[in-house]
Every structure is written in structure tokens, then in C-alpha cells.
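*Asks:* one predicted model, sequence on top.
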Amino acid sequence: MNVLLIGSGGREHALAIALKASPLLTRLYAAPGNPGIGEIAQNVALDCADHSAIIDFCKGHDIGFVVIGPEAPLVAGLVDDLDAAGVPAFGPSKIAARLEGSKGYTKDLCRECAIPTADYERFAAAEPAKAYARQRGAPIVVKADGLAAGKGVVVAQTLAEAEAAIDMIFGGAFGAAGAEVVIEDFLEGEEASFFALCDGERAIAFASAQDHKRVGEGDVGPNTGGMGAYSPAPIMSDEMSARVMNEIVAPTMAGMKARGAPYRGVLFVGLMIGRNGPRLIEFNARFGDPETQVMLPRLDCDLLPLLLASAKGALPDAPVRLKPQAALTIVFAAKGYPEAPERGGEIRGIENAQAQQGVVVTHAGTKMDGDKLIANGGRVLNVTALGDNVADAQRKAYAALDLIDWPGGFCRRDIGWRALSR
Ligand code: AMP
Ligand code: GLY
């Protein structure tokens with residue numbers, strides 16, 4: 001089968017490696033891909049917002065399946081358009097992707113289906129939003145309703161910060177994504193990410209991970225797309241995973257079906273694990289980045305038939321088979337990230353890192369300049385290692401990263417601290 005992969009980040013490179021290993025695969029194409037993906041697949045310069053160009057490409061290249069990495073094409077309805085053209089695709093429909101595209105939509109589903117989450121209200125104007133924040137008191141969390149590239153959430157420690165956030169969002173900082181605001185109670189606990197594969201009717205557990213969102217060591221500084229991750233998340237015991245499946249994923253599947261929006265694809269469950277158990281922070285309608293880079297090396301089965309089964313409503317009963325090892329990934333970012341990443345420096349020595357046992361380097365923001373590999377983004381590379389446990393994976397990943405010669409890069413040196421401190 002020929003497969004087209006949509007996206008260009010480290011997540012998509014990790015997906016490409018897993019798809020490439022499938023005996024079911026004939027040819028792998030990536031749009032637009034990146035230089036790392038281009039080593040194992042054919043990159044094609046397609047505009048992912050141009051659905052008819054993607055459909056034409058699929059028809060012309062006998063594509064049997066499209067795997068979509070990022071959220072924007074899902075929210076824009078690429079899966080629906082491919083379906084209508086007779087091309088199966090992995091991911092939710094446009095209406096089901098509202099679980100990521102609108103925080104208010106998800107919160108209303110939680111209320112309707114008794115899914116544990118922070119108490120909240122939705123607002124379309126600043127004054128009633130501020131009155132509600134005053135009534136609930138700080139700390140309180142202010143969120144733009146729509147997609148805001150991970151920047152639309154303010155955890156306000158004081159009412160003044162909450163009011164400033166409300167003014168910022170309604171002031172147009174996020175365009176249409178900020179036409180509505182969700183205000184919710186502050187949740188205490190430990191954050192974890194849990195992933196389930198869904199086929200419209202049923203869901204099976206995939207894996208868990210923990211991300212490091214802040215740019216600085218010790219979890220300080222501005223939020224980023226994620227500076228590193230490991231899998232599994234130690235807090236996600238079998239019992240906790242079963243609770244998440246029963247208390248959050250199963251009612252979501254039932255609720256979405258009842259809304260006429262059965263959920264297919266991967267459901268990324270952002271959790272706060274507190275004293276009373278798991279509570280939903282948010283859903284994403286796609287795999288995580290960098291969580292995918294640590295989950296896929298742990299897969300002990302073929303990814304492609306699982307993704308096909310999710311799209312076709314035919315997931316197996318058994319949970320996904322994983323290796324017992326842990327994996328840890330370090331994001332190697334350009335100096336200045338996230339505010340003002342420097343671009344253009346040359347990167348050498350990736351092959352030395354890759355030569356280490358159990359190590360995989362994925363590209364996120366790179367480009368070729370002649371035969372030189374150049375940094376061309378904020379998050380540029382991911383260095384992932386499999387190990388006997390998180391400590392072992394951490395040691396191997398840092399040893400491999402230190403073999404890469406890129407003076408323009410930096411990384412956090414404490415990825416994995418939470419797991420190691422347990
Ligand atoms: P989100 O984009 O919804 O994942 O929010 C970004 C980050 O804000 C989360 O990863 C949490 O660290 C934090 N956050 C969001 N909602 C809450 C909440 N209700 N209580 C505490 N922290 C939150
Ligand atoms: N690493 C967080 C995300 O993919 O949204």
C-alpha cells in the first residue's frame with residue numbers, strides 16, 4: 001500500500017520511521033516532509049491547506065491511506081474531503097476535531113457526560129468573564145476557545161493577571177480563536193499525557209508520556225511546544241490508565257457518537273492527576289510532539305494496521321503491544337527559542353548520534369542548503385533513546401546528543417527529572 005503522511009515535524013519523522021517498518025507499506029510519501037523524512041520517504045511539495053491538490057496527488061499516486069500529523073488540517077476537514085473522494089485517512093472528521101479546536105465544545109461535552117474536569121463557564125465578552133473570575137477567585141485559568149498554537153492558556157495567580165488575560169484574548173491577540181473565552185478552576189496535581197486509539201465506536205489504550213513544556217531547567221520560563229518527554233509516565237499505572245479509559249475516554253466516545261460526531265483517530269488526553277484521580281485538562285485530536293517520538297520506539301507491533309483499523313472502525317480488542325523499555329527524547333532547539341530562534345547554523349554529526357545503540361534522531365526544523373544540513377526552526381532536532389528505565393534512556397539520549405555538532409543549539413539538561421525523583 002502507498003501511504004501519504006501529512007506534516008513536517010519531529011512527530012511526523014517518528015511516524016515515518018514506524019510506517020516505513022510495516023510489511024504492508026509499498027511507498028511512503030510525505031507532504032511537505034523534512035530532510036530527515038526525505039531519507040526514508042519521498043517528500044512532495046504540496047500545500048496542506050489545498051485539499052483538492054492533496055486529493056489529486058492521492059489519485060495520481062495510488063495512495064491507499066493518508067496519515068495526518070498536525071491539528072490544522074484535521075480542524076480544516078481534510079479527513080472529510082479525503083473520505084468524500086474515496087481515500088481513507090487517519091484522524092477525526094472536522095466536527096470530531098472540535099475536541100481540540102474548541103475548548104468550550106469539550107468542556108460542554110464533559111458537563112453533559114460527567115467527565116471529570118475543572119468547573120468552568122464560557123464567555124463571549126470581557127465584563128461577565130471578569131465578574132466570574134472575581135467570583136471564583138485566584139488562582140484561576142483563562143483560555144482562548146480556539147487554536148492558539150499552545151499560547152492561548154493563562155494560569156493566573158492573581159485576579160489582576162486573570163483580568164489582563166481576558167483583555168488580551170478579547171483584544172484580538174489570537175484573532176478568531178479568542179472570540180470566546182473559557183474560564184476554569186485551577187487544578188492541582190501532576191500532569192500526564194495519555195493516548196488512546198479510537199475507531200468511532202471503541203477505544204484502546206496506546207501509551208502514556210510526560211512532556212516538559214517550559215523552556216528552562218526546573219520548569220521555568222515561557223511555555224514551548226515541548227522541550228522533551230519520556231514514556232511511560234510513571235504516574236500512569238495500569239490502574240490509573242484503566243480509570244482514564246473508563247472515566248474519560250469511554251464517555252467521550254459515547255458522547256461524540258451521540259452528538260453525531262463519532263471520534264476516529266488518536267485521542268490525546270491531557271490530564272491532571274490529583275488526589276481524587278484523573279481530571280481532563282484538554283483533548284488534542286492528534287499525536288503529541290514530542291510525545292510521539294518517545295511512544296513509537298516502544299511499540300512492539302506494526303503501527304500501520306492499527307491506524308488503518310482506527311480509520312475503518314475495526315480496532316482489535318487487545319490493547320496496543322508495547323516493549324517493557326522506557327524511552328526519553330530531548331528537544332535540541334535553536335538558541336533564542338521560543339521568543340526569537342536563531343536560524344541558519346550548520347548541523348554536523350547526526351550520524352554519530354544515530355550510531356549509538358537504541359538511539360534515533362528525528363528532524364523537526366531543518367533544511368538542506370546544498371549538501372549542508374541547516375537549522376531552520378525553533379525546535380530543530382529530537383534525540384530519542386530507548387533504555388531499561390527512564391534513567392538509562394536519559395543517560396543514552398544525552399550521550400548521543402553530545403555527539404551532535406551544532407553550536408547554535410541548546411537543550412534542557414534535566415529532561416526526565418520528575419520520573420527520576422519518584
Ligand atoms: P492546555 O493548552 O489546555 O493544555 O493548557 C496549557 C497548560 O496550562 C497545561 O499543560 C497546564 O499546565 C496548564 N493548565 C491548563 N488548564 C489548567 C487547569 N485547569 N489547572 C491547572 N493548570 C492548567
Ligand atoms: N507536546 C504537546 C503537544 O503536542 O501538544
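*Replies:* Nice, I can see it. Since the structure is predicted, the reported quantities are computational estimates derived from the model, not experimental observations. Numbering: from 1, shown residues only. Ligands and ions are numbered 1, 2, ... in the order given.
*Asks:* roughly how far apart are whichever residue of the stretch 201-350 of the chain sits closest to ligand 1 and D56?
*Replies:* Closest approach of the stretch 201-350 of the chain to ligand 1 (C-beta to the nearest ligand atom) occurs at E282, with a separation of 3.6 Å. In this view, the C-beta of every residue, glycine as well, is placed from N, C-alpha and C. Distance of E282 to D56, given as C-beta to C-beta, to the nearest Å: 35 Å.
*Asks:* ok, now L328?
*Replies:* From L328 across to D56, the span is 41 Å (C-beta to C-beta).
*Asks:* spit out the contact partners of L420.
*Replies:* L420 makes contact with 390-391, 394, according to C-beta atoms under 8 Å, 6 or more residues apart in numbering.
*Asks:* which secondary structure element of this structure has the lowest mean pLDDT?
*Replies:* In the chain, no helix or strand scores lower on mean pLDDT, DSSP states H and E than strand 220-223, which sits at a mean of 92.
*Asks:* run me through the strand neighbours of that strand, direction for each.
*Replies:* strand 214-216 (antiparallel) (DSSP bridges).
*Asks:* for the strand it pairs with, the distance to its chain's centre please.
*Replies:* In terms of C-alpha atoms, centre = their mean, to the nearest Å, the centre of strand 214-216 is found 17 Å from the chain centre.
*Asks:* please see if that strand touches ligand 2.
*Replies:* No: contact between strand 214-216 and ligand 2 is absent, the nearest approach being 12.0 Å (criterion: C-beta under 6 Å from any ligand atom).
*Asks:* hmm, that strand touching ligand 1?
*Replies:* No: with C-beta under 6 Å from any ligand atom as the criterion, ligand 1 is not reached by strand 214-216; the gap is at least 9.3 Å.
*Asks:* list the buried residues of that strand.
*Replies:* Across strand 214-216, burial judged by 16 or more other C-beta atoms under 10 Å covers 214-215.
*Asks:* now do stretch 143-154
*Replies:* 143-148, 152-154.
*Asks:* possible to save these as TSV with secondary structure?
*Replies:* Output for those, formatted as TSV (DSSP: H, G, I helix; E, B strand; the rest coil):
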residue	secondary structure
K143	strand
A144	strand
D145	coil
G146	coil
L147	coil
A148	coil
G152	coil
V153	strand
V154	strand
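*Asks:* who are the contact partners of the residue nearest in space to the middle of the chain?
*Replies:* Nearest residue to the geometric centre of the chain (C-alpha atoms, centre = their mean): G288, 1.7 Å. Residues in contact with G288 (C-beta under 8 Å, 6+ apart) are 11, 193, 195, 209, 211, 226, 229, 268.
*Asks:* 10 Å instead, please
*Replies:* 11, 193, 195, 209, 211, 225-226, 229, 266, 268, 270, 294-295 (C-beta atoms under 10 Å, 6 or more residues apart in numbering).
*Asks:* can you pull the residues of the stretch 201-350 of the chain lying near ligand 1?
*Replies:* Close to ligand 1, as judged by C-beta under 6 Å from any ligand atom, the stretch 201-350 of the chain has residues 213, 270, 281-282.
*Asks:* just the buried residues of those.
*Replies:* 281-282.
*Asks:* and the nearest residue to A205 once chain neighbours are set aside, how many residues sit next to it?
*Replies:* Here the nearest residue to A205 in space, its sequence neighbours aside, is P319; by C-beta to C-beta, 6 or more residues apart in numbering that works out to 4.8 Å. Close neighbours of P319, defined as other C-beta atoms under 10 Å, add up to 14.
*Asks:* could you say which helix or strand holds P319?
*Replies:* Under DSSP states H and E, no helix or strand contains P319.
*Asks:* ok, it touching R202?
*Replies:* No: shown here, P319 and R202 do not form a contact pair, counting by C-beta atoms under 10 Å, at 11.6 Å.
*Asks:* need the overlap of contacts for the two.
*Replies:* Contacts common to P319 and R202, judged by C-beta under 10 Å, 6+ apart, are A196.
*Asks:* and the one helix or strand I204 maps to, does that touch ligand 2?
*Replies:* Assessed by DSSP H and E, I204 sits inside strand 203-211. Yes: Strand 203-211 reaches ligand 2 (C-beta under 6 Å from any ligand atom) through D211.
*Asks:* flag every residue of the stretch 201-350 of the chain that's near ligand 2.
*Replies:* So the stretch 201-350 of the chain meets ligand 2 at 211, 225-226, 284, 288-289, 291 (C-beta under 6 Å from any ligand atom).
*Asks:* do stretch 168-182 and ligand 1 meet?
*Replies:* No: Stretch 168-182 stays clear of ligand 1 (C-beta under 6 Å from any ligand atom), getting no nearer than 9.2 Å.
*Asks:* and the helices in the stretch 151-300 of the chain?
*Replies:* Counting by DSSP state H, counting those that start in this stretch, one finds helices in the stretch 151-300 of the chain at the ranges 159-170, 238-244, 250-258, 291-295.
*Asks:* any chance of those in TSV, plus mean neighbour count and mean pLDDT?
*Replies:* Listed next are those as TSV, based on neighbours: other C-beta atoms under 10 Å; pLDDT from 0 to 100:
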stretch	mean neighbour count	mean pLDDT
helix 159-170	19	97
helix 238-244	15	97
helix 250-258	18	98
helix 291-295	30	98
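*Asks:* can you put the ones you listed in CSV and add distance to A177?
*Replies:* Putting the helices of the stretch 151-300 of the chain into CSV (distance: least, C-beta to C-beta, whole Å) gives the following:
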stretch, distance to A177
helix 159-170, 9
helix 238-244, 27
helix 250-258, 22
helix 291-295, 23
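*Asks:* which of the ones you listed sits closest to I95?
*Replies:* Nearest of the helices of the stretch 151-300 of the chain to I95, taken as C-beta to C-beta: helix 250-258 at 8.8 Å.
*Asks:* now that closest one and strand 203-211, what's the angle there?
*Replies:* 120 degrees (axes from the mean of the first three to the mean of the last three C-alpha atoms, to 10 degrees).
*Asks:* before we move on, the earlier item: and the buried residues of stretch 143-154, which is closest to G178?
*Replies:* Of all the buried residues of stretch 143-154, G178 sits closest to A144, with 4.3 Å by C-beta to C-beta.
*Asks:* circling back to that earlier point, closest one to V3 out of the residues of the stretch 201-350 of the chain next to ligand 1, please.
*Replies:* For these, the nearest to V3 is G270 (27.9 Å; C-beta to C-beta).
*Asks:* so what's the closest one up against?
*Replies:* 191-194, 211, 280-284, 288.
*Asks:* dig out what it forms beta bridges with.
*Replies:* Counting by DSSP bridges, the residues bridging with G270 are S193, E282.
*Asks:* I appreciate the help and will end here.
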